[in-house]
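**Student:** have a look at this prediction, sequence included:
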Amino acid sequence: AQSVAQPEDQVNVAEGNPLTVKCTYSVSGNPYLFWYVQYPNRGLQFLLKYITGDNLVKGSYGFEAEFNKSQTSFHLKKPSALVSDSALYFCAVRDYQGTGGFKTIFGAGTRLFVKA
Amino acid sequence: EAQVTQNPRYLITVTGKKLTVTCSQNMNHEYMSWYRQDPGLGLRQIYYSMNVEVTDKGDVPEGYKVSRKEKRNFPLILESPSPNQTSLYFCASSLTGQGPSENEQFFGPGTRLTVL
């Protein structure tokens, strides 16, 4: 079965330090991978995606993610964290069905705390 | 403004009383979906629709119904709500093309449902 794992419930980092939020996946075929962010009392917002091409993808708010096929990982990174980056982050993968449609599978989420 | 709207935003109801949560998007998206968000479980897909009159089950469809009679609307129906359906619900939409610019989902603000 297709799945997405975010092994850390919470990540703590000091402002100005680099941050990494981890994601691993298990899908058949070529994966479509996404990162979304959820701020308190808000819906999810798209950050970035990997469809094909360069393994390092850049997204909104200075975030980037590295696709690693051999390790089936898609870790979210930012060189210098801001307090305003504190939020809940979700990794997701598109799971194609035999009918031609697709499901979307989300990880459990990782809460990021950036301390001033 | 491009957006996904949901109504109501908050709802407290009692077991067995039928309810409908509406979802509408103004972006002419083919794909629409409903998720529920529960602590520690991330987002789980309830139903999705690839286009008008085309709907399919996600990972947790039990106790829910949907319909897609118009492209812009995708209501979620709970015929006989139970306390285990207390959750935060999100509607989302996206294009369904295979191209790199057509994959991310846009989320509504959420509906917090409590079933007593």
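**Tutor:** Right, received. Where do you want to start?
**Student:** mind checking pLDDT for residue A:96?
**Tutor:** Residue A:96 carries a pLDDT value of 80.
**Student:** those helices in chain B, which residues are they?
**Tutor:** Under the criterion DSSP state H, helices are not mapped anywhere in chain B.
**Student:** near chain A, which residues of it?
**Tutor:** B:4, B:33, B:35, B:40-45, B:48, B:50, B:54, B:56, B:58-59, B:90, B:92, B:100, B:103-110 (Cβ under 8 Å from any Cβ of the partner chain). Every C-beta, even on glycine, is put in place using the N, C-alpha and C of the backbone.
**Student:** the helix-or-strand element of chain A with minimal mean pLDDT near chain B at all?
**Tutor:** Within chain A, no helix or strand scores below strand A:102-106, which has a mean of 90 by mean pLDDT, DSSP states H and E. Yes. For strand A:102-106, a contact with chain B is found by Cβ under 8 Å from any Cβ, at A:102, A:103, A:104, A:105, A:106.
**Student:** excluding chain neighbours, what is closest to the residue located most distally from the centre of chain A?
**Tutor:** Relative to the centre of chain A, and counting by Cα atoms, centre = their mean, the farthest-placed residue is residue A:99 at 26.8 Å. The shortest distance from residue A:99 to any non-neighbouring residue, by Cβ to Cβ, 6 or more residues apart in numbering or on different chains, is to residue B:56 (6.6 Å).
**Student:** run a quick neighbour tally on that neighbour.
**Tutor:** By other Cβ atoms under 10 Å in any protein chain shown, the residues close to residue B:56 number 18.
**Student:** any idea how far residue A:102 is from it?
**Tutor:** 9 Å (Cβ to Cβ, to the nearest Å).
**Student:** please apply the same query to residue A:22.
**Tutor:** 24 Å.
**Student:** who does the nearest residue to residue B:73 once chain neighbours are set aside bridge with?
**Tutor:** Closest residue in space to residue B:73, ignoring its immediate chain neighbours: residue B:24 at 5.2 Å, by Cβ to Cβ, 6+ apart. For residue B:24, the beta-bridge assignment (DSSP bridges) gives partners residue B:5, residue B:73.
**Student:** hmm, residue B:24 is touching residue B:4, no?
**Tutor:** Yes. If you go by Cβ atoms under 8 Å, residue B:24 and residue B:4 touch, sitting 7.3 Å apart.
**Student:** and the two? Which one has more around it.
**Tutor:** Higher neighbour count among residue B:24 and residue B:4: residue B:4, with 24 against 18, using other Cβ under 10 Å.
**Student:** how about low-confidence regions in the chain?
**Tutor:** Because you didn't say which chain, this covers chain A. Across chain A, nothing is flagged by pLDDT under 70.
**Student:** could you do chain B instead?
**Tutor:** B:97-102.
**Student:** switch to 80 and redo it
**Tutor:** Scanning chain B for pLDDT under 80 picks out B:96-103.
**Student:** and the residue farthest from the centre of chain A, how far is that from residue B:13?
**Tutor:** 33 Å.
**Student:** and the longest strand for the chain?
**Tutor:** Chain wasn't specified; assuming chain A. strand A:87-96 (DSSP state E).
**Student:** can you look at chain B instead?
**Tutor:** From DSSP E, the single longest strand across chain B is strand B:42-51.
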